[in-house]
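[1] Have a look; sequence and predicted model below, questions after that.
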Amino acid sequence: MMTARIDTLIILGAGGDLTSRLLLPGLASFLASDQSQPLTLIGADRQEMDDAAWRNRVTQSFDAIASPAATAVANAAHYVQADVTDAEQLRELIASGSGRVALYFALPPAIAQKVVAVLATLELPEGIVLALEKPFGTDETSARDLNRILQTIVPEEQVFRVDHFLGKSTVLNLLGLRFANRIFEPLLAAPNVAKVELIFDEALALEGRAGYYDRAGAVVDMIQSHLLLVMALTAMEPPASVSSEDLRGSMAQVLRATRVQSVDGTCARRARYTAGTIGDRSLPAYADEDGVDSERGTETLAEVTFEIDNWRWAGVPFVLRSGKALGDSRQDIVITFAPVPHLPRGLTGSADPAQLTISIKPATLSLDLIVNGEGDPFTLDRTQLNTTLGDAAMSAYGEVIASLIDGDPVLSVRGDVAEQCWRIVAPVLEAFRTAQVPLEEYPAGSNGPGSWDSV
Ligand SMILES: O=P(O)(O)OC[C@H]1O[C@@H](O)[C@H](O)[C@@H](O)[C@@H]1O
């Protein structure tokens, strides 16, 4: 496997929103903590722009996390005006890179697929890495087709399917928490665990992204991509190492064993927000947002229960929930332990089982335990052990870019995993499409439909 660092990063779609909002700030975050080697940055897009204008754009996006390395990269950046769906223009663009090249597709999925097809006709430099943003395909079949073409272009180790959740430090903390402490890992299995919940509730609403979101909805936007990967890290078997083969192999194995709890749609709920207020922001109903086709019935909140058919997890529900325009932002992994098999008679009071909560943001860990209460020593009470996990040196995008620039696919979604994630949610998407699951409503700023019990 080739693991030499990337010397040239070429961004396709350099003039787009993704580049300035996420990719360049992520690159700045990486550069601030990496001084070791120069990197040539080339931006490419259809629009007319000269090097100076592109450098200016890069500098502006780098501003929040300025560093000498970032300034050096911005000052030496180049811009190439090109239609990258044209074979000759794409070939010339790639040839303008020196050393090992990474091609970053910051492009809408349909154009990215065209460019992949064009790449398949070109002779490419040794070791080129192709970085593709989500969504990777639109279902299992299209993801498999895209993987098949990519396989004809470069080896799997040179395809980097970006999912920035794999770069979140608290998500990566699952590895240390689970595999470096003897006290949790043996307990993380049926019958010790009653349920596992992964909650990603956002106060953010549509934020002008109707063009993408109205076709995706909460299941595709969050559960199919990010949350299933977090679930895989929470539930996978201990890998022998954190090499890309071992880590991604363990993730793939647990996802292959994952299915929705029932195929008839009763394992899923969905809702969309109506008008409401969050803090001092008044939000229109989702259906009235610019660019939304209300007939499409897109959900802005979804909850799906999965099961993992293996020895460790058989029968334990994994509830994944994510929604927008909710009153409380929450990003938690909540592991609820099973009740003890026998509570000594004479101990009274709340014996609700212990819970371990790993919060992605703010990065905290809390263990909710039952102890003897302060008053009557035979009355049970609850106590909480809390700790903060500290801020990561790099942003999630920075971490993913670091792994890309290192030429190490460990934080990239492996091809078969991308296909599995689509396979897993397919029955839910079908149940939504055929209206087997009612589309409920919740006012923006609330905690979801009143009938949904909160976790
Ligand atoms: O919390 P983060 O890192 O911004 O990630 C959440 C975002 O992840 C993106 O991939 C989704 O498209 C967004 O809808 C979501 O808000």
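    Perfect, I can see it now.
[2] can you tell me the residue of this structure closest to the ligand?
    Nearest to the ligand, among the residues of the chain, is residue 221, at 4.8 Å (CB to the nearest ligand atom). The way it works is simple: take the backbone N, C-alpha and C, and place the C-beta from them, glycine included.
[3] neighbours around that residue, how many?
    22 (other CB atoms under 10 Å).
[4] Test my guess that it contacts residue 215.
    No: the criterion here is CB atoms under 8 Å, and residue 221 misses it with residue 215 at 9.7 Å.
[5] Alpha carbons only: can I get the helix or strand that residue 418 is a member of in CSV?
    Using DSSP states H and E, residue 418 maps to helix 415-433. Extracted C-alpha coordinates of helix 415-433, given in CSV (Å, rounded to 0.1, in the frame of the first residue of the first chain):
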residue,chain,number,x,y,z
GLY,A,415,-16.4,1.1,-0.5
ASP,A,416,-18.3,-1.9,0.9
VAL,A,417,-19.2,0.1,4.1
ALA,A,418,-20.8,2.9,1.9
GLU,A,419,-22.9,0.2,0.2
GLN,A,420,-23.8,-1.5,3.5
CYS,A,421,-25.1,1.9,4.9
TRP,A,422,-27.5,2.2,1.9
ARG,A,423,-28.6,-1.4,2.3
ILE,A,424,-29.3,-0.9,6.0
VAL,A,425,-31.6,2.1,5.5
ALA,A,426,-33.3,0.9,2.3
PRO,A,427,-36.4,-0.6,4.0
VAL,A,428,-36.9,2.7,6.0
LEU,A,429,-36.7,4.8,2.8
GLU,A,430,-39.1,2.5,1.1
ALA,A,431,-41.5,2.6,4.1
PHE,A,432,-41.3,6.5,4.0
ARG,A,433,-41.8,6.6,0.2
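[6] Make 120 the first number, not 1, from now on.
    Got it, first residue is 120 now, which makes that one helix 534-552.
[7] residues making contact with the one helix or strand residue 332 maps to?
    Assigned by DSSP H and E, residue 332 belongs to helix 329-337. Helix 329-337 is contacted by residues 254, 325, 340, 389, 408-412, 415, 417-421, 441-443, 551 when judged by CB atoms under 8 Å, 6 or more residues apart in numbering.
[8] okay, the helix or strand following the helix holding residue 537 in CSV with CA atoms only?
    The element immediately downstream of helix 534-552 (helix or strand, assigned by DSSP H and E) is strand 558-562. The C-alpha coordinates for strand 558-562 follow below in CSV (Å, rounded to 0.1, in the frame of the first residue of the first chain):
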residue,chain,number,x,y,z
LEU,A,558,-45.3,12.1,8.6
GLU,A,559,-45.9,13.8,12.0
GLU,A,560,-45.3,17.5,12.8
TYR,A,561,-43.5,19.4,15.5
PRO,A,562,-43.1,23.1,16.1
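[9] Describe which strands strand 558-562 pairs with in its sheet and in which direction.
    As defined by DSSP bridges, the strand partners of strand 558-562 come to strand 387-393 (parallel).
[10] now the partner strand, how far from the centre of its chain.
    Relative to its chain's centre, strand 387-393 lies at 21 Å (CA atoms, centre = their mean, to the nearest Å).
[11] domain ranges for this structure?
    127-252, 285-512+535-562 (automatic domain parsing).
[12] Just put the ones you listed in TSV and tack on distance to residue 274.
    TSV is the format used below for the domains of the chain (distance: least, CB to CB, whole Å):
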stretch	distance to residue 274
domain 127-252	10
domain 285-512+535-562	12
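[13] would you list those domains in CSV and tack on mean pLDDT and distance to residue 261?
    As requested, these are arranged in CSV below (pLDDT from 0 to 100; distance: least, CB to CB, whole Å):
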stretch, mean pLDDT, distance to residue 261
domain 127-252, 94, 8
domain 285-512+535-562, 95, 8
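[14] who wins for proximity to residue 277 among these?
    Smallest distance to residue 277 across the domains of the chain (CB to CB): 4.9 Å, for domain 127-252.
[15] and that closest one with the ligand, contact?
    No: counting by CB under 6 Å from any ligand atom, the ligand has no neighbours in domain 127-252; the shortest distance is 8.4 Å.
[16] Residue 518 and residue 288 touch, don't they?
    Yes: using CB under 8 Å, residue 518 is in contact with residue 288, at 7.2 Å.
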